[in-house]
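> how does the following fold in three dimensions:
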Amino acid sequence: MLQIAFIRENQEKVIKALAKRNIDAKSVVEEVVQLDENRRATQVELDNTLAESNKLSKDIGELMKAGEKSKAAILKEKTVSLKEKSKELGEKAEALAVELTNKLYTLPNLPADIVPEGKTPDDNLNVFQEGDIPVLHEGAQPHWELVKKYDIIDFELGVKITGAGFPVYKGKGARLQRALINYFLDKNTVAGYDEVQVPHLVNEASGYGTGQLPDKEGQMYHSTIDDLYLIPTAEVPVTNLFRDVILNESELPVLHTAYTPCFRREAGSYGAHVRGLNRLHQFDKVEIVRVEHPDNSYAALDGMVEHVKDILKELKLPYRVLRLCGGDMGFTSALTYDFEVFSTAQDRWLEISSVSNFETFQANRLKLRFKDKDGKNQLAHTLNGSSLALPRVLAGILENYQTPEGIVIPEVLRPYCGFDIID
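The predicted model follows:
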């Protein structure tokens, strides 16, 4: 959530920045500023009314001590009306504060200066590419055919149990999945991230804290009886560990990693691009989350990008890094880099990670602060990244490592798998 003080003092800057997201925010910004002015004016009137009431109460006490009961009675009548007025003003101030907060929830984060202009994924900027695209043998297949051939993932069985988008991993497919999770967690912990295990359902406050609510409410599975949401990413519970927390500056940075299943309704998704593992309703992901000092967050973002690069180098998958344009960035992000692996059998790039800096946007919602050297509370910066999302990484391995004899396991994963080939 954007800070109201910043909006009030930088209206034109906010409007111009959100235009990079292809949003005309002029009317909303003006409405937000007007609501804030009304709220502040009401609060001033309330404070003055309460101060006057408190003064009269003291005066009444003095008059009673002096035995001037008639004068005290007159002031008591006045305090009754002031109490009624203060109650009305308090209710008005609270209603304006709620209305202001709800309006602020509709404004996305401001893009960083280096975010490129653009409206669609075609406008994203390719900033790095590495790895040779393999030449596959004649008769090479996409992963949804390979998993049938080697009986390692059963999509139809998942439909029987739950529905489309909930695959069943079998045999070497399940072991490869577990190997990837353990490998990713090991890479992250060696890099300094502390591993945590977190709940897979969160309450509404957590959803609002990291910005999934109200923006992505339709994409989240909601357990209405308990009013809990299945997590779309470990980012939500891990970042919410720090909701309403004040850290000492010396505690920064905080680095966490977590493995969780993730659940996304993916409403409206259809077509060839969502076949097989390309888009699922339940999938596994290993996440990295950082809480940083504002002065260090962009250096930390660069470090996260290099960390994910290192993983993909070890997996020996061809990949590229995209700096997302304003029109393709997530609601909460100030700057996002997407990683994509090339699927040779599908002849297309598959997104496998997003690494983002949210600056103070999430921290403002979370009330996540740190006490600086002067003892003042400041909003921290939050960052997160996929390290990595499994389905499309798995699809890339199955397709790019296929041979006529079987699917060769990347060398770095063999100690985790216990086998060298799926045949």
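
> and the residue lying farthest from the centre of the chain, its phi and psi?
Relative to the centre of the chain, the most outlying C-alpha is that of Gly67, 65.4 Å out, by Cα atoms, centre = their mean. With angles defined as degrees, to the nearest 10, Gly67 sits at phi 80, psi 10.

> can you give me the end-to-end span of stretch 382-401?
Distance between the two ends of stretch 382-401: 36 Å, counting by Cα to Cα, to the nearest Å.

> that one - what's its average pLDDT?
Across stretch 382-401, the average pLDDT comes to 97.

> swap in stretch 232-241?
Averaging pLDDT along stretch 232-241 yields 98.

> likewise for stretch 362-373?
Average pLDDT, stretch 362-373: 97.

> just the buried positions in that stretch, please.
Of the residues in stretch 362-373, those with enough neighbours to count as buried (16 or more other Cβ atoms under 10 Å) are Gln362, Ala363, Asn364, Arg365, Leu366, Leu368, Arg369, Phe370. Every C-beta, even on glycine, is put in place using the N, C-alpha and C of the backbone.

> so where does the last one fall, helix or strand?
Read it as Phe370. Under the criterion of DSSP states H and E, Phe370 resides in strand 369-371.

> do the same with the fourth one
Mapping Arg365 onto the secondary structure by DSSP H and E places it in helix 361-366.

> which residues are contacting that helix?
With Cβ atoms under 8 Å, 6 or more residues apart in numbering as the test, helix 361-366 has contacts from 1-3, 109, 208-211, 239-240, 242-245, 332-334, 368-369, 379-382.

> what's the first helix or strand after the top helix by length along the chain?
For the chain, the helix that runs over the most residues, judged by DSSP state H, is helix 26-65. Counting by DSSP H and E, the next helix or strand C-terminal to helix 26-65 is helix 69-104.

> now that following helix: how far from the chain's centre is it?
Relative to the centre of its chain, helix 69-104 is centred 39 Å away, using Cα atoms, centre = their mean, to the nearest Å.

> one more: stretch 316-335?
14 Å.

> buried ones in it, by neighbour count?
By neighbour count with 16+ other Cβ under 10 Å, stretch 316-335 contains the buried residues 317-335.

> kindly report the same for stretch 133-145.
Within stretch 133-145, the residues that count as buried by 16+ other Cβ under 10 Å are Pro134, Leu136, Ala140, Pro142, His143, Trp144.

> if we can go back for a sec, buried among the contacts of helix 361-366? Need that as a selection in ChimeraX.
The ChimeraX selection below is limited to those of the contacts of helix 361-366 classed as buried (16+ other Cβ under 10 Å):
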select :1,2,109,208,209,210,211,239,240,242,243,245,332,333,334,368,369,379,380,381,382
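
> can you list contacts of stretch 229-240?
Contacts to stretch 229-240, defined as Cβ under 8 Å, 6+ apart, come from residues 196, 198-207, 209-210, 212-213, 216, 219-223, 256, 258-260, 262-264, 285-287, 289, 362, 366, 382, 384, 386.

> if we use 7 Å, what do you get?
Outside of stretch 229-240, the residues within contact range by Cβ atoms under 7 Å, 6 or more residues apart in numbering are 196, 198-202, 206-207, 209-210, 212, 216, 219-222, 256, 258, 260, 262-264, 285, 287, 289, 362, 366, 382, 384.

> one more: stretch 142-150?
Around stretch 142-150, the neighbours that count as contacts under Cβ under 7 Å, 6+ apart are 153, 173, 275-277, 345-346, 395, 398-399, 402, 407, 422.

> hmm, which two among the residues you listed are most spread apart?
Arg275 and Ile422 (19.8 Å; Cβ to Cβ).

> more crowded one of the two?
The residue with more neighbours, out of Arg275 and Ile422, is Ile422; 24 against 14, by other Cβ atoms under 10 Å.

> that one touches Lys170, doesn't it?
No. The pair Ile422 / Lys170 is not scored as a contact, 11.2 Å apart, by Cβ atoms under 7 Å.

> overlap of the contact sets of those two?
Listed as contacting both Ile422 and Lys170 by Cβ under 7 Å, 6+ apart are Ile152.

> if I look at Arg40, how far off is Leu324?
Look at Arg40 and Leu324: by Cβ to Cβ, to the nearest Å, they are 36 Å apart.

> so where do the helices sit in the stretch 151-300 of the chain?
Applying DSSP state H, counting those that start in this stretch to the stretch 151-300 of the chain gives helices spanning 155-161, 171-190, 204-210, 235-239, 297-315.

> in a markdown table, list the ones you listed along with distance to Lys119.
Listed next are the helices of the stretch 151-300 of the chain as a markdown table, based on distance: least, Cβ to Cβ, whole Å:
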| stretch | distance to Lys119 |
| --- | --- |
| helix 155-161 | 34 |
| helix 171-190 | 33 |
| helix 204-210 | 25 |
| helix 235-239 | 25 |
| helix 297-315 | 24 |
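
> among the ones you listed, which comes closest to Leu82?
Set against Leu82 and scored by Cβ to Cβ, the helices of the stretch 151-300 of the chain come closest in helix 204-210, at 35.4 Å.

> average pLDDT for that closest one?
So the average pLDDT for helix 204-210 ends up being 97.

> and for that helix, what's in contact with it?
Here helix 204-210 makes contact (Cβ under 7 Å, 6+ apart) with Leu213, Asp227, Tyr229, Glu235, Val236, Pro237, Thr239, Asn240, Arg243, Gln362, Arg365, Leu366.

> same question, stretch 11-24
7, 25-26, 29, 33, 108, 110-111, 115, 117, 119, 326-327, 329.

> among the residues you listed, name the buried ones.
Among those, those scoring as buried are Ile7, Ala25, Val29, Val33, Pro108, Leu110, Pro111, Val115, Gly326, Gly327, Met329 (criterion: 16+ other Cβ under 10 Å).
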